[in-house]
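# What would the 3D arrangement of this be:
(3 chains)
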Amino acid sequence: MDWPPLPREFYARDPIAVARELLGKILMRESADGLASGRIVEAEAYLSSRDPACHANRGRNRKNATMFGPAGHAYVYMIHARWCLNAVTEDVGCASAVLIRALEPLAGIPLMQGRRGLEELRDLARGPARLCQALAVTKALDGHDFTLGRDLWIATDPSANGSPRRIHRSRRIGVTSAHSRLLRFFLADNAFVSGKRSARRR
DNA sequence: CTACCGATTGACT
DNA sequence: GTCAATCGGTAGA
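So this is what the prediction gives:
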């Protein structure tokens, strides 16, 4: 079974559409340690200059430069001493992105358990920094091209067979500005979605 | 060089 | 529900 990467066109669109459609896709990570993967169950859209919470809102700098580049690349940044992973969306210069917030672990679970230092499946990748630790995603992968289909990429789940999924939307977690905007998307009733119980409901 | 920040997490009541 | 540790990046002196 192979896992072809989503094409550039998937990412080169409105980040809200990309965030919604990333739900149910498989995030793949291949490193020297082996393969690990998980189903994306939660994502948030960040809308560039039209979104005060977006890192690119105040213009380009060294840290956010990847967001200003082409869609389909990884934007990795650090918050509270932890790494978080985004997919760059829209056109070059737009600087919008989708934050991948939680995974349901699929392959390489012992590898993820080792990296996280715990066993509990539900805690391995429930949260943006936890999933980066579980998949060994660091600044070294900032700017990485997801469409290459190696190291780090996103694929369609062949077992998903297009079955409709219930998607809920809510306020984004943790942001201090534009708090009221409903730009967080997650699979309803999925145990691997982050946040308190109240944040797992619409 | 120091000071400050944060799209978080984990431990706690 | 609350709260503080976390530390690399960045800005500014």
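# What parts of chain A come near DNA strand B?
A:44, A:46, A:53-56, A:67, A:75, A:77-82, A:84, A:86, A:97, A:99, A:116, A:123, A:127-130, A:172-176, A:194 (C-beta under 7 Å from any atom of the strand). In short, each C-beta sits where N, CA and C put it, glycine included.
# Can you tell me which of the residues you listed are buried?
For the residues of chain A next to DNA strand B, a burial check counting by 16 or more other C-beta atoms under 10 Å picks out A:44, A:46, A:53-56, A:67, A:75, A:77, A:84, A:86, A:97, A:99, A:116, A:127-130, A:172-173, A:175, A:194.
# For A:Ser198, give me the pLDDT.
A:Ser198 is assigned a pLDDT of 61 by the prediction.
# what residues are up against the residue in chain A that DNA strand B sits nearest to?
As assessed by C-beta to the nearest atom of the strand, DNA strand B sits closest to A:Gly174 within chain A, at 1.8 Å. A:Gly174 sits next to no residue when contact means C-beta atoms under 8 Å, 6 or more residues apart in numbering.
# Which stretches in chain A count as helices?
Remark: helices assigned in chain A by DSSP state H are A:8-11, A:15-22, A:109-116, A:128-134.
# sorry, back to before: distance of the residue of chain A closest to DNA strand B from A:Arg184?
Distance, A:Gly174 to A:Arg184, by C-beta to C-beta, to the nearest Å: 10 Å.
# what do you get for A:Glu90?
With distances taken as C-beta to C-beta, A:Glu90 is found 19 Å from A:Arg184.
# So for those two, which residue has more residues nearby?
A:Arg184 (23 against 20; other C-beta atoms under 10 Å).
# Partner strands of the longest strand anywhere in chain A, with direction?
Of all segments of type strand in chain A, defined using DSSP state E, the longest is strand A:34-46. Note on strand A:34-46: by DSSP bridges, its sheet partners are strand A:26-31 (antiparallel), strand A:96-105 (antiparallel), strand A:184-187 (antiparallel).
# Buried residues of it, list them for me.
Using 16+ other C-beta under 10 Å as the test for burial, strand A:34-46 gives A:Ala36, A:Ser37, A:Gly38, A:Arg39, A:Ile40, A:Val41, A:Glu42, A:Ala43, A:Glu44, A:Ala45, A:Tyr46.
# Can you check what angle separates that strand from helix A:109-116?
70 degrees (axes from the mean of the first three to the mean of the last three C-alpha atoms, to 10 degrees).
# and the most centrally placed residue in chain A, how far is that from A:Ala125?
Centroid-nearest residue in chain A: A:Ile100, 1.7 Å away (criterion: C-alpha atoms, centre = their mean). With the distance defined as C-beta to C-beta, A:Ile100 ends up 10 Å from A:Ala125.
# Quick check: neighbours shared by those two?
Joint contacts of A:Ile100 and A:Ala125 (C-beta under 8 Å, 6+ apart) are A:Leu131.
# who's A:Met78 bridged to?
As for beta bridges, A:Met78 partners with A:Trp83 under DSSP bridges.
# Now whatever residue of chain A ends up closest to DNA strand C: closest residue in space that isn't a chain neighbour?
Residue of chain A nearest DNA strand C, by C-beta to the nearest atom of the strand: A:Lys63 (2.0 Å). Among residues not flanking A:Lys63 along the chain, A:Tyr77 sits closest, at 6.5 Å (C-beta to C-beta, 6 or more residues apart in numbering).
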